[in-house]
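Engineer: Got a sequence here, can you build the structure:
(one chain, ligands or ions: 2)
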Amino acid sequence: MQIPNYQEAKKRNKQEMLVKTENYILKEDLRNLGKGKTYFVKTYGCQMNEHDGENIKAILEEMSFVECETMEEADLILLNTCAIRENAHNKVFGYLGRVKHLKAERPDVITGICGCMAQEEVVVKEIMQKHKYLDFVFGTHNIHELPMILNNTIETKLQQIQVYSKEGDIIENIPVKRESKYKAWVNIMYGCDKFCTYCIVPYTRGKQRSRNHKDILAEVNCLKQQGYQEVTLLGQNVNAYGKDLNEDYTMENLLEDVALTGIPRVRFVTSHPWDFTDQMIDVIARYDNIMPYIHLPLQSGSSRILKLMGRRYTKESYLELAFKIKEKIKNCSLTTDIIVGFPGETEEDFNETLDIVKQLKYDSAFTFIFSPRIGTPAAAMKDDISLPVKEERLQILNNLVNQYALEANQMYLNQTVKVLLEDVSEKNESMLMGYTDTMKLVNVKADKMYLGKIVDVKITDVKTWSMDGEMLHKEVSIG
Ligand code: 5AD
Ligand code: SF4
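Structural biologist: Ligands and ions are numbered 1, 2, ... in the order given. Model prediction:
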């Protein structure tokens, strides 16, 4: 048994920075462990976690498990969790009620939990005391050990807890079952060293470890050969890519090399304003296949609150960067993340945030009420803003964000844009859906034979969160 420990997670001395790259291998005798059994994986949280879910599914399938549609019919249930805010926790604990019920009805079903919540000391203690029906727990650093953990669960019938507080090596060649045939997530780095004072991620995902760029480029080339149209380079803080390696190769080099593979669309998330260099902006502006879409988390518009958040930029330097991006990258759409109600946030501080939103007119924004995460510095700060005040600020902010989102979309009316048609539309089965270069969701009148293609679409109607359009019959790229 190995349980997480925050004190350990916080220790990051130089010597421990040595990260090896190893290859994933499934032991032959585990290939049939899941024969005749079904699995159901439920994933919460960010794209990084989504991608982990894709790895987990493929590992299970290599062990002969077969995916099924609902938890009720599964022989193996696994919750891949998120810890970013209290409500992410609540969702998982709510779902666990159903898992417990099922386990009581069918004691043979194997149940487990993984992901960011599994990295939290308090959560694992609670599981050990109150959720004994869960058969196994593993963390974000040892997905590759899932076969071994499952084997131990089945053989010993004892609760298996294997969570490491210290990040391990980088494991290459973990199999992946991608959700889409047309667009793919590609991890470029793991973990985060920024330690924003509100954020749990540096604890749940460990220190920053960049993948070797040759491995990344090989993955992108392989995706291109398989006909993928789009890759999204993933990391908690992609702009800091490479800074932990002893090589003179950073994010602008990687972006350029990925663009040069010729894959039709390149995206990346998430950027921290601190590491966004002029060279990066130049590369994005120079390559047509690097999409003009930047997600640039603001968090707060008040320099005083930004300092308390440990963000290492000011209102002025953020604005300077954002305007530079807008000026140099043609038709660039800009989105952001904002937290309201951080401890000590005054009306004046909040107005500074509104001021930035008014100046930059974001294409859209994810907005949150501050949620104290146990073990982070901000959770220990005096939080004297009442919940109604926080809710009111969120409402005011959302109204403003929505107004600008609609205005930004209105500029697209009657314009022709390129859309990667990726699926049937959720709102209307006779339409397809996809995203523009600038990451706008479009429901498109088009034949299903165009799925997986980047096509020209004329925008016929716009709303706050989506647009409607009609395909023009001039194909842009053949998949
Ligand atoms: N409370 C509220 N929002 C948070 N985020 C991260 N941590 C917290 C927290 N403790 C938000 C930030 C981040 C996004 C992914 O989630 O805005 O950019
Ligand atoms: Fe949630 Fe952060 Fe973990 Fe992603 S990295 S799953 S957002 S806690």
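Engineer: drop to CA atoms for contacts and neighbour counts, all remaining ones
Structural biologist: Will do.
Engineer: got the residues of the stretch 51-200 of the chain near ligand 1?
Structural biologist: Residues of the stretch 51-200 of the chain lying near ligand 1 by Cα under 6 Å from any ligand atom: Ile84, Arg85, Tyr198, Cys199.
Engineer: Find the closest residue to ligand 2 in the stretch 301-450 of the chain.
Structural biologist: Closest to ligand 2 within the stretch 301-450 of the chain is Arg373: 10.3 Å, counting by Cα to the nearest ligand atom.
Engineer: re the thing from before, neighbour-wise, which of the residues of the stretch 51-200 of the chain next to ligand 1 leads?
Structural biologist: When neighbours are counted by other Cα atoms under 10 Å, Tyr198 leads those with 26 neighbours.
Engineer: Show me the longest helix that occurs in the chain.
Structural biologist: Determined from DSSP state H, the single longest helix within the chain is helix 387-410.
Engineer: Enumerate the positions of that one that are buried.
Structural biologist: Across helix 387-410, burial judged by 16 or more other Cα atoms under 10 Å covers 390, 393-394, 397-398, 400-410.
Engineer: That one packs against which elements?
Structural biologist: Helix 387-410 makes packing contacts with strand 333-340, helix 347-360, strand 364-369, strand 454-462 when contacts are defined by 3 or more Cα pairs under 8 Å, 6 or more residues apart in numbering; DSSP states H and E.
Engineer: can we see that at 10 Å?
Structural biologist: Using 3 or more Cα pairs under 10 Å, 6 or more residues apart in numbering; DSSP states H and E, the elements in contact with helix 387-410 are strand 333-340, helix 347-360, strand 364-369, strand 454-462, strand 467-477.
Engineer: how about the first one: buried residues?
Structural biologist: Of the residues in strand 333-340, those buried under the neighbour-count criterion (16+ other Cα under 10 Å) are Ser333, Leu334, Thr335, Thr336, Ile338, Ile339, Val340.
Engineer: Also within reach of ligand 2: list those from those residues.
Structural biologist: Among these, no residue lies close to ligand 2 (Cα under 6 Å from any ligand atom).
Engineer: I'd like those residues as TSV, with pLDDT appended.
Structural biologist: Formatted as TSV, the buried residues of strand 333-340 follow (pLDDT from 0 to 100):
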residue	pLDDT
Ser333	98
Leu334	98
Thr335	98
Thr336	98
Ile338	98
Ile339	98
Val340	98
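Engineer: where does Val19 land on pLDDT?
Structural biologist: On the pLDDT scale, Val19 is placed at 76.
Engineer: what does Tyr164 give?
Structural biologist: According to the prediction, Tyr164 has pLDDT 89.
Engineer: same thing with Glu429?
Structural biologist: Listed pLDDT for Glu429 reads 89.
Engineer: burial count for it?
Structural biologist: Residues contacting Glu429 under the criterion other Cα under 10 Å number 10.
Engineer: doesn't Asp75 make contact with Gly34?
Structural biologist: Yes: using Cα atoms under 10 Å, Gly34 is in contact with Asp75, at 9.2 Å.
Engineer: who touches both of these two?
Structural biologist: Listed as contacting both Gly34 and Asp75 by Cα atoms under 10 Å, 6 or more residues apart in numbering are Phe65, Val66.
Engineer: what residues are up against Gln279?
Structural biologist: Met251, Glu252, Asn253, Ala285.
Engineer: hmm, I was thinking of Asp363
Structural biologist: Contacts of Asp363 (Cα under 10 Å, 6+ apart): 293, 295, 332-336, 401-409, 438-440, 464-465.
Engineer: Send over the helix or strand where Glu126 lies as PDB, restricted to the C-alpha atoms.
Structural biologist: Secondary structure assigned from DSSP states H and E places Glu126 in helix 121-130. In PDB, the C-alpha atoms belonging to helix 121-130 read as follows (Å, rounded to 0.1, in the frame of the first residue of the first chain):
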ATOM      1  CA  GLU A 121      -4.300  12.800   1.200                       C
ATOM      2  CA  VAL A 122      -7.700  13.700   2.700                       C
ATOM      3  CA  VAL A 123      -9.600  11.900  -0.100                       C
ATOM      4  CA  VAL A 124      -7.500   8.700   0.200                       C
ATOM      5  CA  LYS A 125      -8.000   8.700   4.000                       C
ATOM      6  CA  GLU A 126     -11.700   9.100   3.500                       C
ATOM      7  CA  ILE A 127     -11.800   6.200   1.000                       C
ATOM      8  CA  MET A 128      -9.900   3.900   3.400                       C
ATOM      9  CA  GLN A 129     -12.400   4.700   6.200                       C
ATOM     10  CA  LYS A 130     -15.700   5.200   4.500                       C
END
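Engineer: Beyond that helix, next helix or strand please.
Structural biologist: Sequence-wise, the next helix or strand downstream of helix 121-130 (DSSP H and E) is strand 136-138.
Engineer: helices and strands around that next one, which ones?
Structural biologist: Where contact means 3+ Cα pairs under 10 Å, 6+ apart, strand 136-138 is packed against strand 76-81, strand 110-115, helix 121-130, helix 146-156, strand 160-162.
Engineer: Note down every partner strand of that strand and its orientation.
Structural biologist: strand 110-115 (parallel), strand 160-162 (parallel) (DSSP bridges).
Engineer: what comes into contact with it?
Structural biologist: With Cα under 10 Å, 6+ apart, strand 136-138 has contacts from 1-4, 78-80, 110-119, 124, 127-128, 145-146, 149-150, 152-153, 157-164.
Engineer: restrict those residues to contacts with ligand 2.
Structural biologist: Cys116.
Engineer: which of the contacts of strand 136-138 count as buried?
Structural biologist: Among those, those buried by neighbour count (16+ other Cα under 10 Å) are 3-4, 78-80, 110-119, 124, 127, 145-146, 149-150, 153, 159-164.
Engineer: For the closest residue in space to Ile281 that isn't next to it in sequence, grab the count of nearby residues.
Structural biologist: Of all residues not flanking Ile281 in the chain, Ile325 sits nearest, at 6.5 Å (Cα to Cα, 6 or more residues apart in numbering). Neighbour count of Ile325, defined by other Cα under 10 Å: 24.
Engineer: give me phi/psi at Ile325?
Structural biologist: phi -60, psi -50 (degrees, to the nearest 10).
Engineer: Can you give me the pLDDT of it?
Structural biologist: Note for Ile325: predicted pLDDT of 98.
Engineer: Just to check, it is in contact with Cys332?
Structural biologist: Yes: at 7.6 Å, Ile325 and Cys332 qualify as touching, with contact defined as Cα under 10 Å.
Engineer: Quickly list what's touching both of those two.
Structural biologist: Contacts common to Ile325 and Cys332, judged by Cα under 10 Å, 6+ apart, are Ala285, Pro292, Tyr293, Ile294.
Engineer: Let's see if you can find the most crowded of those residues.
Structural biologist: Going by other Cα under 10 Å, Tyr293 tops those with 25 neighbours.
Engineer: for that residue, what are its contacts?
Structural biologist: Counting by Cα under 10 Å, 6+ apart, Tyr293 touches 267-269, 284, 325-326, 329-335, 363, 436-440.
Engineer: Between strand 454-462 and the longest helix of the chain, find me the angle.
Structural biologist: For helix 387-410 against strand 454-462, the angle by axes from the mean of the first three to the mean of the last three Cα atoms, to 10 degrees is 120 degrees.
Engineer: Use 672 as the first number from now on
Structural biologist: Understood, numbering begins at 672; the last thing we discussed is helix 1058-1081.
Engineer: what about helix 1058-1081, average pLDDT?
Structural biologist: The model assigns helix 1058-1081 a mean pLDDT of 98.
Engineer: Is ligand 1 within reach of that helix?
Structural biologist: No: Helix 1058-1081 lies out of reach of ligand 1 by Cα under 6 Å from any ligand atom, never closer than 11.5 Å.
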